[in-house]
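1. no letters, just coordinates:
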């Protein structure tokens, strides 16, 4: 720890000296994530894709058995997608009987409709990947083979479909496409990363191509999903390909920056984190957790590396609250960290849970680790305190990877074929 801290202090001092000398620019302060205009939980990781809920009045401790279970749904198929919830309707996907199935339920678990979006993914790691996205009465989803479908949310009727791998001459990747689609106004964003486009915007009502970002040489897509934010007067989209973290102009698709983000497997999974003019990327085995300050140039941005932290997050991603980044490591430090956003220093560690996903609400972290353990964690100065825990699965597993959802005082957790709904409201 002392060696890491010394290394960081030298790195930070060097950055400050370069800024003072005018060799690199100081970061532009300002900007924020852009939320979906839809109510509820309309996309993966919530309205801003940051896994932060504004709910209050939730239980601050749990009984030994966990919060009360309201209901559960069995038979949704194999997969790791999370539910989205809008207007008292819940949408979730699963691979069943060789097909990717999109299910609609009401918030009491009553089935409303189900439709197919192409074929299931068989190997390796069979199961549904991407979470649906809701916008203006329509549900959007991309299956593991690149088939993008637009459905009528009320009936499940398919309005249009386009296979982005075929359309942009791109190739699938080893563990299949997993991108949770982003809607920005009239645009539906996809990341084929093939010879015809790194990223593309489709008309969300027709599937017509509106703009493309020129391809990067010999680059492939990866498993990451994009975020949308405002910075220095621009609407910006950031995502990861197999070798880079990058940003584009949301209005035109113009490439604004790239940073190296390549590991020996060519996989980037963890979504970027953004706050106040700075962005965070991470890839295991290579470029560990890195913050970059984004500074505008003539018609782009420079991404200036400020610090590196020891995280090598994969499926769980990270979340950022009150200038603290929370995430778990994957390979070496396979436990949870609280990291100071301004400096990159480790503020606290929690080794009671292994790597996994998390959500923040009402001054608590809700952890689902990959072994199936669920934790209620209180962030405190220099500590992450356990305020409740229970096991979602009867046996210890290794693939509880679906991200939690909290809406209207309810916690939704998924493990493959089953969706669980728990009551979090304080008496």
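-> Ah, there it is. Worth saying up front: this structure is predicted, and the values here are computed from it rather than measured.
2. show me where the stretch 51-200 of the chain has strands.
-> 69-74, 84-86, 89-96, 99-106, 111-119, 133-135, 138-142, 147-152, 158-163, 182-184, 187-190, 200-203 (DSSP state E, counting those that start in this stretch).
3. name the residues of the last one that are buried.
-> Of the residues in strand 200-203, those with enough neighbours to count as buried (16 or more other CB atoms under 10 Å) are 200, 201, 202. Placement of C-beta: from N, CA and C, glycine included.
4. JSON lines for those residues, including distance to residue 107?
-> Formatted as JSON lines, those follow (distance: CB to CB, whole Å):
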{"residue": "200", "distance to residue 107": "34"}
{"residue": "201", "distance to residue 107": "32"}
{"residue": "202", "distance to residue 107": "30"}
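5. tell me the one among these nearest to residue 242.
-> Minimum distance to residue 242 across the buried residues of strand 200-203 is 16.7 Å, recorded for residue 200 (CB to CB).
6. helix/strand/coil for the spatially most central residue of the chain?
-> For the chain, residue 271 is the residue whose C-alpha lies nearest the centre (CA atoms, centre = their mean; 4.5 Å). With DSSP: H, G, I helix; E, B strand; the rest coil as the basis, residue 271 sits in coil.
7. pull the contacting residues for the closest residue to it other than its chain neighbours.
-> Closest residue to residue 271 apart from its sequence neighbours, by CB to CB, 6 or more residues apart in numbering: residue 317 at 4.9 Å. Residue 317 makes contact with 45, 51, 269, 270, 271, 327, 357, 403, according to CB atoms under 8 Å, 6 or more residues apart in numbering.
8. and residue 285, by the same measure?
-> 263, 264, 265, 312, 331.
9. closest to residue 366 out of these?
-> Comparing the contacts of residue 285 against residue 366 with CB to CB places residue 312 closest, at 22.1 Å.
10. can I get the strands of the stretch 51-200 of the chain in TSV with mean pLDDT?
-> Output for these, formatted as TSV (pLDDT from 0 to 100):
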stretch	mean pLDDT
strand 69-74	98
strand 84-86	98
strand 89-96	98
strand 99-106	98
strand 111-119	98
strand 133-135	99
strand 138-142	99
strand 147-152	99
strand 158-163	98
strand 182-184	98
strand 187-190	98
strand 200-203	98
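11. format the ones you listed as CSV; extra columns: distance to residue 350.
-> Shown next, in CSV, are these (distance: least, CB to CB, whole Å):
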stretch, distance to residue 350
strand 69-74, 25
strand 84-86, 29
strand 89-96, 29
strand 99-106, 34
strand 111-119, 38
strand 133-135, 31
strand 138-142, 34
strand 147-152, 38
strand 158-163, 42
strand 182-184, 31
strand 187-190, 34
strand 200-203, 40
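12. do a quick rundown of the helices in this protein.
-> Per DSSP state H, the chain has helices spanning 2-20, 164-167. These are given in chain order.
13. weakest of the ones you listed by average pLDDT?
-> When those are compared by mean pLDDT, helix 2-20 comes last with a mean of 46.
14. can you tell me the closest non-neighbouring residue to residue 98?
-> Nearest residue to residue 98, sequence neighbours excluded (CB to CB, 6+ apart): residue 120, at 5.3 Å.
15. on that earlier part again, now the buried members of the contacts of residue 285.
-> When the contacts of residue 285 are checked against 16+ other CB under 10 Å, the ones flagged as buried are 263, 312.
16. which of the contacts of residue 285 sits closest to residue 162?
-> residue 265 (28.0 Å).
17. state the pLDDT value of that closest one.
-> If you check residue 265, the pLDDT there is 93.
18. repeat that for residue 285.
-> For residue 285, the predicted pLDDT is 90.
19. that older thread, of all the contacts of residue 285, which comes closest to residue 181?
-> Nearest to residue 181 among the contacts of residue 285, with distances taken as CB to CB, is residue 265, at 23.7 Å.
20. mind listing what the closest one touches?
-> Shown in contact with residue 265 (CB under 8 Å, 6+ apart): 174, 285.
21. quick one: it from residue 285, how far?
-> 8 Å (CB to CB, to the nearest Å).
22. again with residue 304
-> 24 Å.
23. what of residue 121?
-> Counting by CB to CB - residue 121 and residue 285 are separated by 24 Å.
24. ok, residue 326 next?
-> 22 Å.
25. ok so, going back, the residue nearest to residue 98: neighbouring residues, count only.
-> For residue 120, the count of nearby residues is 23 (other CB atoms under 10 Å).
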